[in-house]
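Q: Can you look at this prediction? I've put the sequence above it.
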Amino acid sequence: SSLTNSDIIFVKLHAPWEVLGKYAELMNVRMPFRRKIYYLHRRYKFMNRIEKQISRFRGWLPRKPMKLDKETLPDLEENDCYTAPFSQQRIHHFIIHNKDTFFNNATRSRIVHHILQRVKYEEGKNKIGLNRLLSNGSYEAAFPLHEGSYRSKNSIRTHGAENHRHLLYECWASWGVWYKYQPLDLVRRYFGEKIGLYFAWLGWYTGMLFPAAFIGLFVFLYGVTTLNHCQVSKEVCQATDIIMCPICDKYCPFMRLSDSCVYAKVTHLFDNGATVFFAVFMAVWATVFLEFWKRRRAVIAYDWDLIDWEEEEEEIRPQFEAKYSKKERMNPISGKPEPYQAFADKCSRLIVSASGIFFMICVVIAAVFGIVIYRVVTVSTFAAFKWALIRNNSQVATTGTAVCINFCIIMLLNVLYEKVALFLTNLEQPRTESEWENSFTLKMFLFQFVNLNSSTFYIAFFLGRFTGHPGAYLRLINRWRLEECHPSGCLIDLCMQMGIIMVLKQTWNNFMELGYPLIQNWWTRRKLRQEYGTQRKTSFPQWEKDYNLQPMNAYGLFDEYLEMILQFGFTTIFVAAFPLAPLLALLNNIIEIRLDAYKFVTQWRRPLASRAKDIGIWYGILEGIGILSVITNAFVIAVTSDFIPRLVYAYKYGPCAGQGEAGQKCMVGYVNASLSVFLVSDFENRSEPTSNGSEFSGSPLKYCRYRDYRDPPHSPVPYGYTLQFWHVLAARLAFIIVFEHLVFCIKHLISYLIPDLPKDLRDRMRREKYLIQEMMYEAELERLQKERKERKKNGKSYHNEWP
């Protein structure tokens with residue numbers, strides 16, 4: 001009985017050695033049977049001397065700070081031994097020091113869960129397994145126990161770790177070891193391979209972010225150092241005589257181009273000569289990251305004995321059985337009859353599900369449309385604001401508030417999407433749990449990706465592109481004039497959108513991941529302290545303490561993976577507009593690893609140790625994001641940034657035209673060439689500003705300038721596109737095609753050149769296979785020789801015996 005609630009009864013399960021041995025053999029659990037022999041290559045005397053000198057020199061240098069202290073880590077025997085599927089007949093081959101500790105706790109829990117999933121609890125056709133008892137409410141929870149407390153009064157350095165949980169807390173979940181490598185073997189031993197693989201992937205992703213963050217920071221610093229030499233920002237800052245047309249109807253005033261000097265300088269920080277190089281680098285980086293993860297995963301799979309592991313035939317979901325129990329057909333693997341879903345029924349359900357997904361994506365687009373209307377309406381409201389600070393920076397205020405409102409809408413829609421995805425996935429009636437998980441994962445990723453990135457796509461590719469020109473503005477529902485870009489371009493809006501969304505999303509996720517369970521557990525401990533006092537609480541048994549912890553998410557590692565995959569999308573898809581994204585992702589991930597570790601070790605019940613060979617469907621999603629990032633970055637550079645217009649001007653229209661040069665001296669006059677002239681008297685009545693611009697020159701303005709390549713008002717075709725416009729458009733399209741083909745060729749070449757399996761690992765696997773066979777033969781021969789000697793001693797030797 002529970003000490004805190006008499007209505008709760010705990011059922012404690014223990015598997016004796018005979019049961020563990022029997023089911024370990026049935027489940028093909030691999031166990032250590034012989035220590036590994038490491039062969040050293042033959043070295044010459046000269047090489048040995050050099051190595052001694054190098055090792056002596058290394059003694060003066062500080063030791064590797066990121067390596068974990070080997071003295072505090074236990075000897076993980078299975079990693080230094082050859083393993084083979086456990087067999088009771090060959091039990092003498094395996095290294096068994098103590099039968100109680102031969103199978104570690106994670107393996108024991110897995111064996112017990114395997115038994116519980118197959119036990120018949122009641123007479124009836126489908127009355128089998130623990131999951132059904134949990135789903136119908138017979139049991140409230142089922143979980144393996146943590147190995148004691150994660151805290152200790154004694155120091156781990158002087159007294160050692162009290163248990164594996166305490167060891168994991170000290171060398172993995174503690175904030176003091178944030179800079180050290182993760183003890184992945186220990187994580188795998190305590191939580192199982194599936195969770196171990198997640199942390200291996202997260203650590204690998206974080207490590208690969210270091211070069212991306214460094215290059216991104218270099219691009220940003222390059223923009224800072226070249227700021228004073230940038231001809232375009234100089235011209236903008238000195239353009240006191242160029243008067244720009246109002247950016248909204250009525251209330252927006254005329255403004256000097258030099259008023260946007262700060263924005264021009266900030267734009268240069270992100271949009272400079274190194275941006276194209278960085279976009280190519282990040283596209284290649286995404287491929288290298290995935291290819292080297294394949295190699296890393298192969299090494300982990302080998303070390304953790306997952307190479308030959310195949311998933312067992314999964315059980316059918318109870319919901320699927322209940323729905324289709326009337327129709328049955330033979331399972332080709334097990335040979336037993338099982339419920340069957342007709343093809344027509346499956347197709348109709350998938351069509352309804354796809355329609356639901358399409359509808360929800362339309363809801364996202366409607367939300368973005370609402371944000372667009374908000375931006376259009378408020379830009380003129382802020383322009384007429386009482387406070388001078390907001391009035392003078394109306395466009396930045398509009399963008400900032402729109403991004404914050406957009407973030408709130410994103411978070412609200414995410415809650416709705418989870419319920420819709422759950423409903424649609426259950427409507428599809430997937431046959432097994434893994435099919436259900438894959439279907440739910442794909443829907444949730446699609447919803448959240450579109451939700452998070454739709455407004456960013458609008459700002460990157462649509463904002464300011466379809467506004468018309470002064471005197472003939474395009475309007476939304478023939479009422480609201482579409483928003484224009486700032487005189488310095490739209491890139492500053494994209495940078496603000498990405499920076500604010502990325503920081504807010506990561507902060508919120510970290511709070512929800514750790515803050516929410518912390519508050520819940522604190523509240524539970526507080527109630528127990530009030531009822532039973534501090535002394536009684538510390539004497540609670542482990543199952544009571546674990547029951548009061550939070551259960552792991554119902555969707556397993558889904559939330560952890562989703563957060564990181566969405567971040568990977570942010571880091572790669574619009575990286576050309578925001579080179580600091582990899583740096584922000586790196587800083588977040590360093591915190592994320594320890595947050596997740598702390599949560600698993602201290603705040604959650606111990607999850608069931610389950611096996612997996614890879615990160616599953618997420619790898620395919622990562623590859624899809626990598627392909628999409630090439631296309632979006634090509635469009636960001638070609639369409640959103642001013643890279644192409646500047647290049648066309650430098651080679652075709654500037655002072656260096658026809659000379660094959662494109663330095664800063666070739667950009668003289670670019671700002672003036674990129675602005676068109678408008679006759680103020682041609683304004684529509686509803687667009688005409690309240691001020692006449694007399695504050696600039698003492699008399700009403702006759703002309704104002706705007707960003708576009710159009711003919712002057714007195715030309716034969718007033719406000720028609722100039723030849724320069726068509727040159728820029730052709731160059732943009734050509735750049736997109738060349739950039740995409742070049743980067744895709746590099747990506748495919750890299751993926752072809754990098755083998756999925758490292759050569760040394762392939763050799764090790766072959767050698768191990770050979771050695772295992774030899775060892776098995778030797779062990780069998782030793783056994784036979786012992787038996788022969790014993791028979792001779794007992795006088796039971798037989799004639800005609802083979803020598």
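A: Thanks, I have it. Numbering: from 1, shown residues only.
Q: can you pull the contacts of residue 203?
A: Each residue near residue 203 by CB atoms under 8 Å, 6 or more residues apart in numbering is listed here: 181, 182, 184, 593. (C-beta placed from N, C-alpha, C; glycine too.)
Q: Identify the residue nearest the second one in space, chain neighbours excluded?
A: It stands for residue 182. residue 203 (5.2 Å; CB to CB, 6 or more residues apart in numbering).
Q: Wasn't the one you found part of a helix?
A: Yes. Checked against DSSP: H, G, I helix; E, B strand; the rest coil, residue 203 lies within a helix.
Q: one step back: any idea which of the contacts of residue 203 is closest to residue 565?
A: residue 593 (15.9 Å; CB to CB).
Q: can you tell me how far that closest one sits from residue 167?
A: 17 Å (CB to CB, to the nearest Å).
Q: Comparing those two, which residue is more hemmed in?
A: Neighbours per residue, other CB atoms under 10 Å: of residue 593 and residue 167, the larger number sits with residue 167, 22 against 19.
Q: Can you tell me the element that one falls in?
A: Following DSSP states H and E, one finds residue 167 within helix 164-168.
Q: thinking again about what came up before, okay, the contacts of residue 203 in CSV with distance to residue 747, secondary structure and pLDDT next?
A: Output for the contacts of residue 203, formatted as CSV (distance: CB to CB, whole Å; DSSP: H, G, I helix; E, B strand; the rest coil; pLDDT from 0 to 100):
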residue, distance to residue 747, secondary structure, pLDDT
181, 29, coil, 86
182, 29, coil, 88
184, 29, helix, 89
593, 28, helix, 91
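Q: Go through those residues and name the one nearest residue 571.
A: Distances from residue 571 to these, taken by CB to CB, are shortest for residue 593, at 16.2 Å.
Q: Give me the helix or strand of the protein that scores worst on average pLDDT.
A: helix 45-58 (a mean of 60; mean pLDDT, DSSP states H and E).
Q: Quick one: name whatever helix or strand follows it.
A: Toward the C-terminus from helix 45-58 - assigned by DSSP H and E - lies strand 81-85.
Q: Quick one: mean pLDDT over that following strand.
A: What strand 81-85 shows for mean pLDDT is 76.
Q: Any buried residues in that strand, and which?
A: Neighbour-count burial for strand 81-85, counted by 16 or more other CB atoms under 10 Å, picks out 81, 82, 83, 84.
Q: Then stretch 206-217?
A: For stretch 206-217, by 16+ other CB under 10 Å, it's 206, 208, 209, 212, 213, 215, 216.
Q: if I look at the last one, how far off is residue 488?
A: In this structure, residue 216 lies at 21 Å from residue 488, with CB to CB as the measure.
Q: Would you double-check that residue 290 falls in a strand?
A: No. Counting by three-state DSSP, residue 290 is not part of a strand but helix.
Q: That one touches residue 626, doesn't it?
A: Yes. Residue 290 is in contact with residue 626 according to CB atoms under 8 Å; the separation is 6.6 Å.
Q: between the two, who's got more neighbours?
A: residue 626 (22 against 19).
Q: How about residues contacting stretch 468-477?
A: In contact with stretch 468-477 (CB under 8 Å, 6+ apart) are residues 245, 372-373, 376, 466-467, 481-482, 676, 678-679, 682-684, 687, 704, 706, 708, 710, 719.
Q: In helices only, show me these.
A: Members of the contacts of stretch 468-477 lying in helices (criterion: DSSP state H): 372, 373, 376.
Q: my guess is the last one contacts residue 481, does it?
A: It refers to residue 376. Yes. Counting by CB under 8 Å, residue 376 does reach residue 481; the two are 6.7 Å apart.
Q: Could you list the domains of this structure?
A: 17-67+75-142, 759-791 (the TED database).
Q: Adding distance to residue 307, write these out as JSON lines.
A: Formatted as JSON lines, the domains of the chain follow (distance: least, CB to CB, whole Å):
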{"stretch": "domain 17-67+75-142", "distance to residue 307": "10"}
{"stretch": "domain 759-791", "distance to residue 307": "7"}
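Q: which stretch in those is the model least sure about?
A: Among those, domain 17-67+75-142 scores lowest, at a mean of 74.
Q: sorry, back to before: filter the ones in helices among the contacts of stretch 468-477 to the buried ones?
A: Here, 16+ other CB under 10 Å leaves 372, 376 buried among the ones in helices among the contacts of stretch 468-477.
Q: nearest to residue 586, of the ones in helices among the contacts of stretch 468-477?
A: Nearest to residue 586 among the ones in helices among the contacts of stretch 468-477, with distances taken as CB to CB, is residue 372, at 32.8 Å.
Q: Which parts of the stretch 401-550 of the chain are helices?
A: For the stretch 401-550 of the chain, applying DSSP state H, counting those that start in this stretch gives helices covering 433-461, 491-510, 516-538, 542-547.
Q: and of the ones you listed, who's closest to residue 100?
A: Nearest to residue 100, of all the helices of the stretch 401-550 of the chain, is helix 542-547, at 17.2 Å by CB to CB.
Q: Which elements pack onto the helix or strand just after that closest one?
A: The first helix or strand that comes after helix 542-547 along the chain, using DSSP H and E, is helix 558-573. Counting contacts by 3 or more CB pairs under 8 Å, 6 or more residues apart in numbering; DSSP states H and E, helix 558-573 packs against helix 193-225, helix 275-303, helix 433-461, helix 491-510, helix 581-598, helix 617-635.
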